[in-house]
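Sharing a model prediction with you, sequence too.
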Amino acid sequence: MSLTLPAGVALPVTASALVLTQQPGNGDNGGQGEDFGKSSPVGFLVLILFLIAVAFLVRSMTKHLKRVPASFDDPPAEEPKAGEPTAEAEAAAEPEKKPNGASSAKAD
């Protein structure tokens, strides 16, 4: 299948295509002057500084990631052996200690 334009449309289409593809003739090359694409030593220095900063950030990030635990789930509670007392039993067996100077009698 070939696409052909009618004769009445072909002339305006080709004329507008020629006008649109022309470069501006007034000396403005759209910012693409004689120095376009060239960099200065200051730009190179800034680029090197950015690369050094990225290297330090990657190093810091890997240090922090090594400290992250493999899982954030709570570890399972260890069950005491049959012969060992539990923490609750030890707390109940110890008498309450009162600070010095406190009377053991209740004030009525």
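Looks like it arrived, so ask away.

Tell me how many other residues surround G8.
Using other Cβ atoms under 10 Å, G8 is surrounded by 7 other residues. Heads up, the C-betas are built off the backbone N, CA and C, glycines and all.

For it, pull up the helix or strand it's in.
helix 7-21 (DSSP states H and E).

Let me know the next secondary structure element after that helix.
helix 41-66.

That next one: which residues count as buried?
Neighbour counts over helix 41-66 (16 or more other Cβ atoms under 10 Å) mark no residue as buried.

Begin at 802 from now on, thanks
Happy to do that; since the first residue is 802 now, the last one works out to helix 842-867.

could you give me the average pLDDT of it?
The pLDDT scores in helix 842-867 average 96.

ok, now stretch 805-818?
73.

Then stretch 880-893?
65.

got the CA positions of stretch 840-860 in CSV?
Output of stretch 840-860 as CSV, limited to C-alpha atoms (Å, rounded to 0.1, in the frame of the first residue of the first chain):
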residue,chain,number,x,y,z
SER,A,840,34.1,22.2,29.3
SER,A,841,36.3,24.2,31.6
PRO,A,842,38.7,22.9,34.3
VAL,A,843,36.3,24.2,36.9
GLY,A,844,33.6,22.0,35.6
PHE,A,845,35.9,19.0,35.6
LEU,A,846,36.9,19.8,39.2
VAL,A,847,33.2,19.9,40.2
LEU,A,848,32.6,16.6,38.5
ILE,A,849,35.6,15.0,40.4
LEU,A,850,34.2,16.4,43.7
PHE,A,851,30.8,14.9,43.0
LEU,A,852,32.4,11.5,42.3
ILE,A,853,34.4,11.6,45.5
ALA,A,854,31.2,12.5,47.5
VAL,A,855,29.3,9.6,45.9
ALA,A,856,32.1,7.2,46.8
PHE,A,857,31.9,8.4,50.5
LEU,A,858,28.2,8.0,50.5
VAL,A,859,28.3,4.5,49.1
ARG,A,860,30.9,3.6,51.7
